[in-house]
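Peer 1: Structure here, sequence nowhere to be found:
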């Protein structure tokens, strides 16, 4: 029995890797896809030069630059996207901690979304749908953004695409090794961010739809056999995720399960909560796109759903699985702050549905090819224009550069915690150690960074920090103001 299992597993492994090879009769498609990837790279190479964000800076300071084991087990904030943090922990040891180095892994993952989207669109709807969806993923602003900062959302998006690509192969033909790879992909997604639970739920809702509709290959023999593989894969995903999070669950279980950012909203408030978030999410995703392009995407998505039976190669509309899976997780989890970035994994799917609807709407193959060429040309022109846009330093960066020129040993920097991380990051990049932020009241000079937002004033800042640091108010000297970031120098009381 065991011998037969391993023999079959070896055959399935060989079949799995054999099926990964690219057919030679599709060179035009791959040339087009290569051009799309170059366009995507141009967008992202420009974007990685933008100033560091607060979440990136905090993640770098609190998790990434620490010893490897500490990066793995410290989860005092959900800000630690552990799998990515571990990758970056190793990356900075090999290549240094320059900003472009920190952002390069997510850039690579973002670029890999292009062929993954193409493969997904092609297998579910057709090659032109895959190519047009790949163009959409190349330039879509939110995907460009998350491909150019070192946060884990683009990893979840890529893992989701890979999972559905593989799931469709497994639906068509049984492959034990493939089921193992699918389980590993889902585990790594969960280990990056627990919000991978949404794609996991969507995938398994779709699998159960496949079972009910008998939409699977003959190699499974029966519904029960396909269900058995589905259940085992889901259970192993849960077990693998539990093992990876075990150190955190053992040392600080409340950080993972009962953190204040994870508090559940009452069920009777969930609908109103999500209604507001949907509006915000729409603005975040489509606010920077031309109205005509947004309308075209919406029309394409609607057409792809209405014409599902005519254009799709699978029976259960994936849109239904998305709706049911997300609703199920929302009811169970009831998140108190479902930010737009949580749903960024679904953008590539919307691009695919929009592309499928447009291609179905315009059935003429020659016109479809013209649309593909125009889409690629338009995104390439957009990339060139985008690259010519100057990148302005952030206020935090300018504050850090000003302080770095003046700060001496035994000085201290005092700033509200909500704004400290990027300033501290840029000071470290300028060669100034973290001790400037952690010094006791025994210091020679203090640099105050006051951010006047929401009615907060210098007087409020002084009232809060003057007693703690024994500041001599009579020595307060303004140095510079960068918008609402004001920098002052002050001495301690004699």
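Peer 2: Everything's here; your move. Everything numeric here is computed off the predicted structure, so don't read it as measured data. Numbering: from 1, shown residues only.

Peer 1: If I look at the most centrally placed residue in the chain, what pLDDT would I see?
Peer 2: Centre of the chain computed as the mean C-alpha position; nearest residue by C-alpha atoms, centre = their mean is residue 153, 1.2 Å away. Confidence at residue 153, expressed as pLDDT, is 96.

Peer 1: quick one, longest strand in the chain?
Peer 2: The longest strand of the chain (DSSP state E) is strand 471-482.

Peer 1: Now do that one: everything it contacts.
Peer 2: Residues outside strand 471-482 that contact it (C-beta atoms under 8 Å, 6 or more residues apart in numbering): 395, 398-399, 402, 406, 446-448, 462, 465-466, 486-494. In short, each C-beta sits where N, CA and C put it, glycine included.

Peer 1: filter those to the buried ones?
Peer 2: When those are checked for burial by 16 or more other C-beta atoms under 10 Å, the buried set is 395, 398-399, 402, 446-448, 462, 465-466, 486-492.

Peer 1: List the ones among these that fall in helices.
Peer 2: 395, 398, 399, 402, 462, 465, 466 (DSSP state H).

Peer 1: is it true that the first one touches residue 485?
Peer 2: In other words, residue 395. Yes - here residue 395 reaches residue 485: they are 4.4 Å apart, a contact under C-beta atoms under 8 Å.

Peer 1: What is the strand or helix carrying residue 144 packed up against?
Peer 2: Element membership of residue 144, judged by DSSP states H and E, is helix 141-147. Applying 3 or more C-beta pairs under 8 Å, 6 or more residues apart in numbering; DSSP states H and E, one finds that helix 141-147 makes contact with helix 27-47, helix 99-124, helix 153-172, helix 267-286, helix 347-361.

Peer 1: Dump the ones you listed into JSON lines; add distance to residue 477 as well.
Peer 2: Output for these, formatted as JSON lines (distance: least, C-beta to C-beta, whole Å):
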{"stretch": "helix 27-47", "distance to residue 477": "38"}
{"stretch": "helix 99-124", "distance to residue 477": "32"}
{"stretch": "helix 153-172", "distance to residue 477": "43"}
{"stretch": "helix 267-286", "distance to residue 477": "41"}
{"stretch": "helix 347-361", "distance to residue 477": "49"}
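
Peer 1: Quick one, which of those helices gets closest to residue 239.
Peer 2: Nearest to residue 239, of all the helices and strands packed on helix 141-147, is helix 153-172, at 17.2 Å by C-beta to C-beta.

Peer 1: From the chain's centroid, how far away is the closest one?
Peer 2: With C-alpha atoms, centre = their mean, to the nearest Å as the basis, helix 153-172 stands 15 Å off its chain's centre.

Peer 1: tilt between that helix and helix 347-361?
Peer 2: On the basis of axes from the mean of the first three to the mean of the last three C-alpha atoms, to 10 degrees, helix 153-172 is oriented at 60 degrees to helix 347-361.

Peer 1: tell me the angle of helix 153-172 relative to helix 99-124?
Peer 2: Using the same axes, to 10 degrees: helix 153-172 against helix 99-124 is 30 degrees.

Peer 1: Show me what helix 153-172 is packed up against.
Peer 2: Contact partners of helix 153-172 among helices and strands, from 3+ C-beta pairs under 8 Å, 6+ apart: helix 99-124, helix 141-147, helix 176-192, helix 197-212, helix 347-361.

Peer 1: Let me know the average pLDDT across the fourth one.
Peer 2: Per-region confidence: helix 197-212 scores 94 on mean pLDDT.

Peer 1: any idea of the angle whatever helix or strand comes next after that helix forms with helix 197-212?
Peer 2: Per DSSP H and E, helix 197-212 leads on to helix 223-251 as the next helix or strand towards the C-terminus. Angle, helix 223-251 to helix 197-212, by the same axes, to 10 degrees: 160 degrees.

Peer 1: immediately after helix 223-251, which helix or strand?
Peer 2: Defined by DSSP H and E, the subsequent element after helix 223-251 is helix 253-257.

Peer 1: Would you indicate which residues of that following helix are buried?
Peer 2: Going by neighbour count (16+ other C-beta under 10 Å), the buried part of helix 253-257 is residue 255.

Peer 1: Who are the packing partners of that helix?
Peer 2: Based on contacts counted as 3+ C-beta pairs under 8 Å, 6+ apart, the elements that helix 253-257 packs against are helix 223-251.

Peer 1: List the buried residues of the helix it packs on.
Peer 2: Buried residues in helix 223-251, counted by 16+ other C-beta under 10 Å: 226-227, 229-230, 233-234, 236-237, 240-241, 244-245, 248-249.

Peer 1: okay, the residues you listed in TSV with pLDDT next?
Peer 2: As requested, those are exported to TSV (pLDDT from 0 to 100):
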residue	pLDDT
226	93
227	94
229	94
230	95
233	95
234	95
236	97
237	97
240	97
241	96
244	96
245	95
248	93
249	90
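
Peer 1: now, the most widely separated pair of these?
Peer 2: For the buried residues of helix 223-251, the farthest-apart pair by C-beta to C-beta is 226 and 248; their separation is 34.2 Å.

Peer 1: deepest of the helices and strands packed on helix 153-172, which one?
Peer 2: helix 347-361 (a mean of 25; mean count of other C-beta atoms under 10 Å).

Peer 1: list the helices and strands the helix or strand following that one packs on?
Peer 2: Going down the chain from helix 347-361, the next helix or strand is helix 365-387, by DSSP H and E. The contact analysis (3+ C-beta pairs under 8 Å, 6+ apart) places helix 365-387 against helix 27-47, helix 127-139.

Peer 1: what's the most buried one of these?
Peer 2: The stretch of the helices and strands packed on helix 365-387 with the highest mean neighbour count (mean count of other C-beta under 10 Å) is helix 127-139, at a mean of 27.

Peer 1: Residue ranges in the protein under the pLDDT threshold?
Peer 2: Counting by pLDDT under 70, the ranges of the chain that qualify are 1-7, 12, 20-25, 259-262, 336-338, 438-441.

Peer 1: make it 50
Peer 2: Scanning the chain for pLDDT under 50 picks out no residues.

Peer 1: can you tell which of the helices and strands packed on helix 141-147 is closest to residue 458?
Peer 2: Across the helices and strands packed on helix 141-147, residue 458 has its closest neighbour in helix 99-124 (31.1 Å, C-beta to C-beta).

Peer 1: Remind me what the closest one packs against, helices and strands.
Peer 2: Using 3+ C-beta pairs under 8 Å, 6+ apart: helix 99-124 touches helix 27-47, helix 82-95, helix 127-139, helix 141-147, helix 153-172, helix 347-361.

Peer 1: Would you mind giving those helices as JSON lines with distance to residue 303 added?
Peer 2: Formatted as JSON lines, the helices and strands packed on helix 99-124 follow (distance: least, C-beta to C-beta, whole Å):
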{"stretch": "helix 27-47", "distance to residue 303": "23"}
{"stretch": "helix 82-95", "distance to residue 303": "36"}
{"stretch": "helix 127-139", "distance to residue 303": "12"}
{"stretch": "helix 141-147", "distance to residue 303": "22"}
{"stretch": "helix 153-172", "distance to residue 303": "21"}
{"stretch": "helix 347-361", "distance to residue 303": "3"}
